[in-house]
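Asker: Just to be clear, the model below is a prediction. Sequence and coordinates:
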Amino acid sequence: MSDGSVDIQHEAHAAAYGMPVEALNPAQPELFAQDAIWPYFERLRQESPVHYTPESAYGPYWSITRFNDIMAVDTNHEVFSSADGITLVSLEAKAESAGRPTRPSFIAMDPPKHDVQRKTVSPVVAPANLHRMGPIIRERAGLILDALPIGREFDWVDLVSKELTAMTLATLFDFPFEQRRMLTHWSDCMTNAPGHGPVTSWDQKRQEVSNCFEAFTGLWNDRINAPPQFDLISMLAHGEATRSMDVHEYHGNVALLIIGGNDTTRNTITGSIYALNKNPGEYQKLRDNPALITSMVSETIRWQTPLAHMARTATQDFEIGGKTIRKGDRVAMWYVSGNRDSEVIAQPDAYIIDRDRPRTHLSFGFGVHRCVGNRLAELQLTIIWEEILKRFPVVQVVGEPQRTFSAFVKGYETLPVIIPTRL
């Protein structure tokens with residue numbers, strides 16, 4: 001792997017510390033794409049942990065960057081509402097969507113409506129169903145890994161991370177299995193700005209999203225006229241609290257479930273390969289003791305932080321960290337920064353797979369909006385690593401990844417690897 005990343009970190013550090021702290025604006029997708037965001041958050045945690053950015057591509061917003069402050073905001077849904085959406089939305093995207101119907105999902109709702117909709121779909125990720133899904137995920141993980149080329153460079157994101165998550169998502173939706181990669185494609189269309197990812201214009205983005213919702217409207221119509229089944233669409237179609245939901249609300253929930261089921265797990269699977277290669281001592285530790293997989297999975301979820309932030313809107317004036325957030329202000333909880341807070345996590349920048357408390361992280365959120373699929377994400381990561389260690393002495397990263405151009409999804413577009421040999 002090149003040392004270009006070291007130069008980028010030096011340049012980022014100089015830039016982050018070379019301006020007045022008031023001018024810092026972490027919501028810049030290019031900083032995430034270059035992996036150059038770290039010194040910005042480091043300085044904010046030290047000097048301005050509750051920080052106001054008056055002007056940005058997303059409009060004015062507050063940044064919450066320390067672990068305990070993020071917890072305080074995330075667990076206070078009365079003051080910090082999700083109803084205006086859970087991400088920072090660019091002014092360009094707002095202008096493009098002006099006059100079009102909104103598509104609320106249960107993550108962008110406050111209790112009590114949030115609670116009944118979430119409760120409708122949560123049985124699919126309850127322990128009993130995860131127990132049923134485990135062998136299916138394991139069989140598929142084995143098929144994916146057995147098909148990988150040996151001794152030849154390939155893209156881990158494409159052949160492994162996207163494929164496993166697409167298979168799992170297709171099962172959760174009971175979506176046509178041979179079309180499963182459309183779920184990955186639609187997720188990328190929804191989360192990426194035009195010019196980054198699969199779409200090049202706002203018109204194309206609208207068309208792709210429309211194609212997705214058309215397909216899922218067809219699935220709803222099929223399921224509502226059939227006996228209830230144990231898949232997400234059937235649950236929504238037959239659920240007492242959701243069966244009469246507005247079509248835009250249904251589409252919003254579909255988008256949430258596609259993105260939530262795709263991006264987080266996929267980017268953490270890739271992140272684990274990258275992190276272990278960056279830290280060969282930890283990789284050796286894992287090979288010597290596969291019982292460390294469980295804690296390695298939690299450490300990767302912290303270290304990677306697959307969703308960089310969640311956003312809220314203040315419903316009243318609120319003081320935190322010596323600053324007053326005003327009613328109506330947008331607030332970004334930077335999970336990616338809180339997960340590197342040395343006041344809560346020892347050696348937060350280090351990747352240590354046998355930490356004492358590896359589950360101490362913010363990546364799944366807290367409070368009423370804590371990730372509903374967190375245990376499924378952990379299950380997929382655990383199984384894929386159990387199967388990797390059975391098959392390959394090592395998976396070698398042979399170049400730097402291409403990272404996602406986003407201040408929300410912290411992920412990877414590509415990661416070149418070689419598997420030299422099988423066990």
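Answerer: That came through, no problem.

Asker: For the worst-scoring helix or strand of the chain on mean pLDDT, which outside residues touch it?
Answerer: Least confident helix or strand of the chain, by mean pLDDT, DSSP states H and E, is helix 113-121 with a mean of 72. Here helix 113-121 makes contact (Cβ atoms under 8 Å, 6 or more residues apart in numbering) with 82, 106-107, 109, 232, 235-236, 239-242, 245, 253, 257, 368-369, 372. The way it works is simple: take the backbone N, C-alpha and C, and place the C-beta from them, glycine included.

Asker: Buried only: go through the residues you listed for me.
Answerer: Among those, those scoring as buried are 82, 106-107, 109, 232, 235-236, 239, 241-242, 245, 253, 257, 368-369, 372 (criterion: 16 or more other Cβ atoms under 10 Å).

Asker: ok, back up a step: buried residues, the least confident helix or strand of the chain. List them.
Answerer: Judged by neighbour count (16+ other Cβ under 10 Å), helix 113-121 contains these buried residues: 114, 117-118, 120-121.

Asker: re earlier: of all the buried ones among the contacts of helix 113-121, which comes closest to residue 331?
Answerer: Nearest to residue 331 out of the buried ones among the contacts of helix 113-121 is residue 82 (Cβ to Cβ; 10.9 Å).

Asker: just checking, that closest one touches residue 369?
Answerer: Yes - counting by Cβ atoms under 8 Å, residue 82 does reach residue 369; the two are 6.3 Å apart.

Asker: sorry, back to before: among the buried ones among the contacts of helix 113-121, name the ones in helices.
Answerer: If you go by DSSP state H, the buried ones among the contacts of helix 113-121 have 232, 235-236, 253, 257 in helices.

Asker: Residue 60 reaches residue 53, doesn't it?
Answerer: Yes - the criterion here is Cβ under 8 Å, and residue 60 meets it with residue 53 at 6.5 Å.

Asker: I'd like to know how many residues surround the nearest residue to residue 275 once chain neighbours are set aside.
Answerer: Leaving aside its sequence neighbours, residue 275 sits nearest to residue 351 (Cβ to Cβ, 6 or more residues apart in numbering; 4.8 Å). Counted by other Cβ atoms under 10 Å, the residues lying close to residue 351 total 22.

Asker: Ramachandran angles for residue 351?
Answerer: Backbone torsions of residue 351, given as degrees, to the nearest 10, read phi -100, psi 110.

Asker: Make sure it is actually in contact with residue 281.
Answerer: No - here residue 351 does not reach residue 281: they are 9.7 Å apart, not a contact under Cβ under 8 Å.

Asker: hmm, who's touching stretch 286-304?
Answerer: 267-268, 271-272, 275-276, 282, 285, 339, 345, 351-355, 358-364, 377-378, 381-382, 385-386, 389, 393-394, 410.

Asker: Buried ones among the residues you listed?
Answerer: 267-268, 271-272, 275-276, 282, 285, 339, 345, 351-353, 355, 358, 361-364, 377-378, 381-382, 385, 394, 410.

Asker: secondary structure element for residue 310?
Answerer: Per DSSP states H and E: residue 310 is located in strand 309-314.

Asker: That should have said residue 132, apologies.
Answerer: For residue 132, the host element (DSSP H and E) is helix 127-146.

Asker: That helix: which residues count as buried?
Answerer: Residues of helix 127-146 classed as buried: 130, 133, 137-138, 140-142, 144-145 (neighbour count, 16+ other Cβ under 10 Å).

Asker: Then stretch 289-304?
Answerer: Across stretch 289-304, burial judged by 16+ other Cβ under 10 Å covers 292-304.

Asker: ok, now stretch 31-39?
Answerer: By neighbour count with 16+ other Cβ under 10 Å, stretch 31-39 contains the buried residues 31-34, 36-39.

Asker: out of those, which are inside helices?
Answerer: Taking DSSP H, the ones among the buried residues of stretch 31-39 that sit in helices are 31-33, 38-39.

Asker: Residue 66 and residue 335 touch, don't they?
Answerer: No - using Cβ under 8 Å, residue 66 makes no contact with residue 335, being 11.4 Å away.

Asker: was I right about residue 191 contacting residue 408?
Answerer: Yes - under the criterion of Cβ under 8 Å, residue 191 makes contact with residue 408 at 6.7 Å.

Asker: Report the contact partners of the nearest residue to residue 146 once chain neighbours are set aside.
Answerer: In this structure, residue 146 finds its nearest non-sequential neighbour in residue 391, 7.5 Å apart by Cβ to Cβ, 6+ apart. With contacts defined as Cβ under 8 Å, 6+ apart, residue 391 is in contact with 145-146, 422-423.
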